[in-house]
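Participant: coords below, sequence missing:
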């Protein structure tokens with residue numbers, strides 16, 4: 001199974017000089033660890049030093065015109081609306097409908113010209129081979145998606161970057177309350193120790209999905225804390241994305257509950273797979289413990305989308321009882 005179809009495409013940026021829109025502040029590409037106040041400025045242009053694992057960068061203390069080359073949902077959750085973001089794999093989330101109107105699409109790969117035209121004061125990226133071209137436009141921070149494994153990490157790290165710690169704490173408090181209520185509902189109908197697996201079908205192949213990059217993994221394993229089958233647990237302990245498996249081994253690896261994710265609903269192989277004797281013979285399929293996931297609603301992995309996915313999974317599991 002091609003991994004690139006299960007994760008947002010890695011952005012390939014060509015070296016491009018941007019004239020007349022440069023910013024003398026450089027950028028650092030790293031997973032962030034902490035930040036601290038830095039400047040003695042008292043004007044609206046006050047800055048601070050943001051510490052990352054690979055260095056420090058001076059950023060606005062209160063950025064107003066942010067480019068979200070990733071982490072859009074976290075920013076929206078914190079009450080921050082960027083001026084530019086990626087439409088295809090972030091702003092298109094149905095859970096962000098009405099919250100992202102007016103945000104300019106910066107494209108994938110990101111358009112340096114579009115970004116420069118938006119006059120940003122901070123650029124936040126999740127993928128880039130070279131952030132130097134972006135840093136010529138505005139202070140640029142690279143926070144790779146894979147560095148943030150949970151909703152708590154997504155919200156906390158972006159809140160720290162944007163100076164929104166209070167908003168982040170409040171959002172997470174409500175999220176944890178919702179999570180506790182969701183687990184209580186599910187635990188009331190699913191016997192303790194039962195396992196669940198997310199099975200992905202794409203281009204005629206079958207794969208086990210982990211807890212990263214949408215498809216319900218965060219909601220299922222990290223929030224509801226349903227038990228993953230042994231093979232899925234090994235995947236989660238690794239990169240948490242996807243492992244291709246043969247149809248024949250599914251009975252050995254799927255567990256008690258199955259959630260089916262199809263990358264393309266028109267994939268002709270899906271019909272063959274779900275009508276195969278192996279699939280029909282799975283215990284979860286025979287006993288009504290198989291649930292199909294709407295790709296459009298389960299593709300996304302931002303905190304707001306994960307909250308929505310959590311609600312849908314709870315509805316599926318409780319309605320089946």
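Facilitator: Received, thanks. Quick caveat: nothing in here was measured; it's all calculated off a predicted structure. Numbers count the residues shown, from 1 in each chain.
Participant: hey, where'd the helices end up in the chain?
Facilitator: 72-77, 112-117, 132-135, 151-162, 165-187, 217, 230-237, 250-253, 268-274, 277-280, 283-286, 295-298, 303-319 (DSSP state H).
Participant: quick one, which of these is nearest to residue 98?
Facilitator: Closest to residue 98 of the helices of the chain, according to C-beta to C-beta: helix 72-77, at 10.4 Å. Heads up, the C-betas are built off the backbone N, CA and C, glycines and all.
Participant: Measure how far the closest one is from the centre of its chain, please.
Facilitator: Chain-centre distance of helix 72-77: 11 Å, with C-alpha atoms, centre = their mean, to the nearest Å.
Participant: cool, stretch 288-305 as well?
Facilitator: 12 Å.
Participant: Can you lay out the helices of the chain as JSON lines showing mean pLDDT, mean neighbour count and distance to residue 88?
Facilitator: JSON lines is the format used below for those (pLDDT from 0 to 100; neighbours: other C-beta atoms under 10 Å; distance: least, C-beta to C-beta, whole Å):
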{"stretch": "helix 72-77", "mean pLDDT": "97", "mean neighbour count": "27", "distance to residue 88": "11"}
{"stretch": "helix 112-117", "mean pLDDT": "98", "mean neighbour count": "18", "distance to residue 88": "14"}
{"stretch": "helix 132-135", "mean pLDDT": "93", "mean neighbour count": "22", "distance to residue 88": "19"}
{"stretch": "helix 151-162", "mean pLDDT": "96", "mean neighbour count": "22", "distance to residue 88": "19"}
{"stretch": "helix 165-187", "mean pLDDT": "96", "mean neighbour count": "15", "distance to residue 88": "25"}
{"stretch": "helix 217", "mean pLDDT": "91", "mean neighbour count": "28", "distance to residue 88": "20"}
{"stretch": "helix 230-237", "mean pLDDT": "87", "mean neighbour count": "17", "distance to residue 88": "26"}
{"stretch": "helix 250-253", "mean pLDDT": "90", "mean neighbour count": "15", "distance to residue 88": "31"}
{"stretch": "helix 268-274", "mean pLDDT": "84", "mean neighbour count": "14", "distance to residue 88": "23"}
{"stretch": "helix 277-280", "mean pLDDT": "93", "mean neighbour count": "13", "distance to residue 88": "31"}
{"stretch": "helix 283-286", "mean pLDDT": "94", "mean neighbour count": "16", "distance to residue 88": "33"}
{"stretch": "helix 295-298", "mean pLDDT": "90", "mean neighbour count": "16", "distance to residue 88": "13"}
{"stretch": "helix 303-319", "mean pLDDT": "94", "mean neighbour count": "20", "distance to residue 88": "14"}
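Participant: Can I get these in TSV including distance to residue 97?
Facilitator: Output for the helices of the chain, formatted as TSV (distance: least, C-beta to C-beta, whole Å):
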stretch	distance to residue 97
helix 72-77	11
helix 112-117	23
helix 132-135	28
helix 151-162	20
helix 165-187	19
helix 217	22
helix 230-237	30
helix 250-253	35
helix 268-274	27
helix 277-280	34
helix 283-286	32
helix 295-298	11
helix 303-319	10
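Participant: quick one, which of the ones you listed is nearest to residue 205?
Facilitator: Closest among the helices of the chain, once you apply C-beta to C-beta, is helix 268-274, at 7.8 Å.
Participant: Run through who's touching the closest one.
Facilitator: If you take C-beta atoms under 8 Å, 6 or more residues apart in numbering as the criterion, helix 268-274 is touched by 201, 203-206, 247, 260, 262, 279-280.
Participant: Just the buried ones from those?
Facilitator: Among the contacts of helix 268-274, those buried by neighbour count (16 or more other C-beta atoms under 10 Å) are 201, 205-206, 260, 262, 279.
Participant: By pLDDT, give me the weakest of those residues.
Facilitator: Lowest-confidence member of the buried ones among the contacts of helix 268-274: residue 205, scoring 84 (pLDDT).
Participant: In strands, which of the buried ones among the contacts of helix 268-274 appear?
Facilitator: Those of the buried ones among the contacts of helix 268-274 mapping onto strands are 201, 205-206, 260, 262, per DSSP state E.
Participant: The residues you listed into a markdown table, with extra columns for distance to residue 62?
Facilitator: Listed next are these as a markdown table, based on distance: C-beta to C-beta, whole Å:
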| residue | distance to residue 62 |
| --- | --- |
| 201 | 46 |
| 205 | 47 |
| 206 | 48 |
| 260 | 45 |
| 262 | 43 |
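Participant: which one is residue 150 nearest to, not counting chain neighbours?
Facilitator: Excluding its sequence neighbours, the residue lying closest to residue 150 (C-beta to C-beta, 6 or more residues apart in numbering) is residue 222, at 5.5 Å.
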